[in-house]
Structure formats: C-alpha cells, structure tokens
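[1] predicted structure and sequence below. I'll ask about it afterward.
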Amino acid sequence: MDIRIGVAHIQREINLEMPDDFDVDSFKADLKQALESNTGIIWLTDVNGREVGIPGNKIGYTEIGNQDSGRPVGFS
C-alpha cells in the first residue's frame with residue numbers, strides 16, 4: 001500500500017510505502033481529525049520504520065493506493 005501526500009508550499013510529494021497490515025480506515029479517521037484541527041499532526045510509519053509527521057493544516061491532498069508498475073518496457 002502506498003500513500004502520496006501533497007504538502008502546501010513544497011514542490012515534492014511525500015511518498016510512503018506502508019506495511020501490508022496498514023489500516024486505511026484508521027488512517028482516514030486520523031487524517032480527518034488532523035485536517036479539522038489547526039494544530040493537529042498526522043504521524044505515519046513506513047515499512048522501513050521511518051516516521052513522518054505532517055501538520056494537518058499543510059496537507060494539500062492525499063492519494064491512497066497500490067504501487068503502480070510504471071510504464072511497461074519492451075514490445076507487445
């Protein structure tokens with residue numbers, strides 16, 4: 001499961017690969033709470049144990065999905 005978060009005033013997105021047991025519904029609830037609060041921070045831990053904290057008032061958008069395979073290589 002991958003999460004991509006766009007942050008205000010930053011050109012690069014935050015891309016995180018989440019563990020297989022990642023609870024999407026819990027993440028959405030935490031995200032909603034952080035967005036509603038002016039001082040809320042959402043904390044995420046990726047598959048490598050890296051922790052990222054993002055202020056809710058700086059989140060521009062969030063994409064949740066599986067990692068895409070990119071462009072196919074070769075001829076079909």
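    Thanks, I have the structure now. Source: prediction; values computed, not measured. Numbering: from 1, shown residues only.
[2] residue contacts, the residue nearest to residue 50 when sequence neighbours are not counted?
    Nearest residue to residue 50 in three dimensions, chain neighbours excluded: residue 16, at 7.8 Å (Cβ to Cβ, 6 or more residues apart in numbering). For every residue, glycine as well, the C-beta is placed using N, CA and C. By Cβ atoms under 8 Å, 6 or more residues apart in numbering, residue 16 lies in contact with 2-5, 44, 46, 50, 52.
[3] distance of the closest residue to residue 7 other than its chain neighbours relative to residue 36?
    The spatially closest residue to residue 7, leaving aside those adjacent along the chain, is residue 58, at 5.2 Å (Cβ to Cβ, 6+ apart). Distance of residue 58 to residue 36, given as Cβ to Cβ, to the nearest Å: 14 Å.
[4] so which of these two has more stuff around it?
    Counted by other Cβ atoms under 10 Å, residue 58 and residue 36 do not tie: residue 58 has more neighbours, with 14 against 10.
[5] tell me the pLDDT of the more buried one.
    pLDDT recorded at residue 58 is 92.
[6] from what I see, it and residue 6 are in contact.
    No - using Cβ atoms under 8 Å, residue 58 makes no contact with residue 6, being 9.6 Å away.
[7] where does the residue lying closest to residue 38 once chain neighbours are set aside land in three-state SS?
    With Cβ to Cβ, 6+ apart as the criterion, residue 38 has its nearest non-adjacent residue at 5.6 Å, and that residue is residue 57. For residue 57, the assignment made with DSSP: H, G, I helix; E, B strand; the rest coil gives helix.
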